[in-house]
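Q: Prediction below, plus the sequence it came from.
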Amino acid sequence: MFALIAGAAGAWYWLRRPDATSGSAGTLAVTAKVERRTLTERTSVRGKASYASLGVVGSPRNGVVTAVAVKAGSTITAGDELFRVQGRPVVAAPGRYPYWRSLKAGDSGVDVKQLQAGLAGAGLKPGTVDGRFGAATKVALTKWQKAHRLPATGTLDPASVAVAQWPARVGDVSVSTGASIATGATAISLTRPTMAISLDLSPAQATRVRVGNPVSINLGTRTLSGRIDRIAAVATTGDKPVYPATVTVRTPVKVADGTTLSADIALARAKDALAVPVAAVVQDGKGSAAVRVRASDGIVRSVPVRTGIQSGAYVAVSGALNEGQDVVIGPM
C-alpha cells in the first residue's frame, strides 16, 4: 500500500522495499526528478580593482587654472575639454606622441599626419592623410578649433591639446580652479578605461584555473563578466603561498581603485547533463557512488553512477539513468 504526500522539495512517498520475510515494508522518503541541466562549477575569490596607468597630462603653460572639466573616475574621449589655464581650453587630441611645434599650412611630417588622422576621426575632411598640411587640412583644423572654442587660426597651437590614445580614465585630478600651475606640472593622471582585478589563488585553485576562464564579478547591484588574463607561474613566499592572477573586465564601469570585489571563476561546464540533487548521491555497499531510483511500482533499487561537475545543489551524473526518473534524496 502506498500513500503520497506533496512536498516542496520533491514528493513524499511510502516506498515499498523488498523484504525476505514480509515481501514489502513502508518507508517514508523524499524524492526528486533526474533532470537535464547545464552546470557550471565555480570557485570564489576576493580581489581588488585596479586600473593600469597610462601616464599624466601636464599643464601646457604657466598661469591660473580657470576651469576643470573632468573628475576622478570619469572617462575622457577625443575632443573632450580637460581644463583651462588663463581661460584657454586644453582639449583631448588622439595620437601617440605630443606635438612639439606649431603646425600651419605648408608644414609636413609625421606630426602633420597625426593631426590629419585626428581630424578625419572627428568627422572632418582634412584631405589625404599624407603628412602634408594643405588647404583642406587648414579648413578642417579651423572647424575643429571653432567647435572647441579655441582661436580659429587654422594653425595648431601645441598648448591647446593633450595627446593620448583616448579613451582613457581619469585617475587623479591634481589641479583645482583658482590654483596656479607651472608649465609641465601634472594636471591629471590617466589610466586604462577598463578595470582589472587582482586575485590571489590558493595552490589548489591554481591547479584548476586557466588563462581565459570566464569570471563573474559581483558589484552588488550588477554583475560584470571578465576573463582570467594572467596567472603567475610561481607562488609567492610566506606562510600562505598564493598565485597572483589578473582578471580583465572589458566593460567600462565606475569602481574606485582598490575596491574589494568578489569574483566567481568558472572552472568547468557541463551542457545539458543528467543531474540530480547532491543529496541523492550515496555510497553503495562497495563504497562507490550510487543513487536510489524509485520505480513506478514503488520498488527502490541502487544504481551505480559516476559523478561530474557540481554546481550549487546539483551534480552531474552518468550511469543507467533517464531524465524524469525519481531518485531518493531523503531518509528511507
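A: Sure, I can see it.
Q: Lys113 belongs to a strand?
A: No - using DSSP: H, G, I helix; E, B strand; the rest coil, the assignment for Lys113 is helix, not a strand.
Q: gap between the closest residue to Ile181 other than its chain neighbours and Lys71?
A: Of all residues not flanking Ile181 in the chain, Ser59 sits nearest, at 4.5 Å (C-beta to C-beta, 6 or more residues apart in numbering). For glycine as for every other residue, the C-beta is placed from the backbone atoms N, C-alpha and C. Remark: distance between Ser59 and Lys71 (C-beta to C-beta, to the nearest Å) = 17 Å.
Q: more neighbours, the two?
A: Ser59 (23 against 9; other C-beta atoms under 10 Å).
Q: Buried residues of the longest strand anywhere in the chain, list them for me.
A: In the chain, taking DSSP state E as the definition, the longest strand is strand 260-277. Of the residues in strand 260-277, 261, 263-267, 270, 273-277 count as buried by neighbour count, 16 or more other C-beta atoms under 10 Å.
Q: Let me know the closest of the residues you listed to Val65.
A: Val65 lies nearest to Leu261 out of the buried residues of strand 260-277, by C-beta to C-beta, at 34.4 Å.
Q: What's opposite that closest one in the beta bridge?
A: Gly47 (DSSP bridges).
Q: you'd agree it is up against Gly220?
A: No - using C-beta atoms under 8 Å, Leu261 is not in contact with Gly220; the gap is 9.4 Å.
Q: Shouldn't Arg140 be within a helix?
A: Check again: residue 140 is Ala, not Arg. Yes - under three-state DSSP, Ala140 falls within a helix.
Q: thinking again about what came up before, distance of the residue nearest to Ile181 from Leu219?
A: Distance from Ser59 to Leu219, by C-beta to C-beta: 35 Å.
Q: For the residue nearest to Ile181, list the residues it contacts.
A: Applying C-beta atoms under 8 Å, 6 or more residues apart in numbering, we find Ser59 in contact with 65, 85, 90, 175, 181-185, 187.
Q: host element of the residue lying closest to Arg306 once chain neighbours are set aside?
A: In space, Arg306 comes closest to Ser318 once its chain neighbours are excluded; the distance is 5.0 Å by C-beta to C-beta, 6+ apart. Ser318 belongs to strand 314-319 when elements are defined using DSSP states H and E.
Q: Tell me which other helices or strands that strand touches.
A: Where contact means 3 or more C-beta pairs under 8 Å, 6 or more residues apart in numbering; DSSP states H and E, strand 314-319 is packed against strand 35-50, strand 260-277, strand 289-294, strand 300-311.
Q: Alpha carbons of it, in CSV - could you do that?
A: Coordinates of each C-alpha in strand 314-319 appear next as CSV, following Å, rounded to 0.1, in the frame of the first residue of the first chain:
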residue,chain,number,x,y,z
TYR,A,314,23.1,19.7,-8.2
VAL,A,315,25.7,17.4,-9.5
ALA,A,316,26.1,15.9,-13.0
VAL,A,317,25.9,12.1,-13.1
SER,A,318,26.3,9.3,-15.7
GLY,A,319,25.0,5.8,-15.5
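Q: how big is the angle separating it from strand 289-294?
A: 90 degrees (axes from the mean of the first three to the mean of the last three C-alpha atoms, to 10 degrees).
Q: quick one: strand 314-319 to strand 300-311, angle?
A: Using the same axes, to 10 degrees, strand 314-319 lies at 130 degrees relative to strand 300-311.
Q: Report the strands that pair with strand 314-319, each with its relative direction.
A: In the sheet, strand 314-319 lines up against strand 260-277 (antiparallel), strand 300-311 (antiparallel) (DSSP bridges).
Q: Report the mean per-residue pLDDT for the shortest one.
A: Looking back up the chat, that one is strand 300-311. Regarding strand 300-311, the rounded mean pLDDT is 93.
Q: what's the answer for the longest one, then?
A: Per-region confidence: strand 260-277 scores 94 on mean pLDDT.
Q: export that strand as PDB, just CAs?
A: The C-alpha coordinates for strand 260-277 follow below in PDB (Å, rounded to 0.1, in the frame of the first residue of the first chain):
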ATOM      1  CA  THR A 260      37.500  44.800  -2.800                       C
ATOM      2  CA  LEU A 261      35.300  42.700  -5.000                       C
ATOM      3  CA  SER A 262      34.000  39.100  -5.100                       C
ATOM      4  CA  ALA A 263      34.900  37.100  -8.200                       C
ATOM      5  CA  ASP A 264      33.400  33.700  -9.200                       C
ATOM      6  CA  ILE A 265      35.700  31.800 -11.600                       C
ATOM      7  CA  ALA A 266      34.100  29.200 -13.900                       C
ATOM      8  CA  LEU A 267      36.300  26.100 -13.700                       C
ATOM      9  CA  ALA A 268      34.300  23.700 -15.900                       C
ATOM     10  CA  ARG A 269      30.900  23.500 -17.600                       C
ATOM     11  CA  ALA A 270      28.600  20.500 -18.500                       C
ATOM     12  CA  LYS A 271      25.900  21.400 -21.000                       C
ATOM     13  CA  ASP A 272      22.600  19.500 -21.000                       C
ATOM     14  CA  ALA A 273      23.900  17.000 -18.500                       C
ATOM     15  CA  LEU A 274      21.900  14.500 -16.500                       C
ATOM     16  CA  ALA A 275      21.800  16.000 -13.000                       C
ATOM     17  CA  VAL A 276      20.400  15.100  -9.600                       C
ATOM     18  CA  PRO A 277      20.500  16.800  -6.200                       C
END
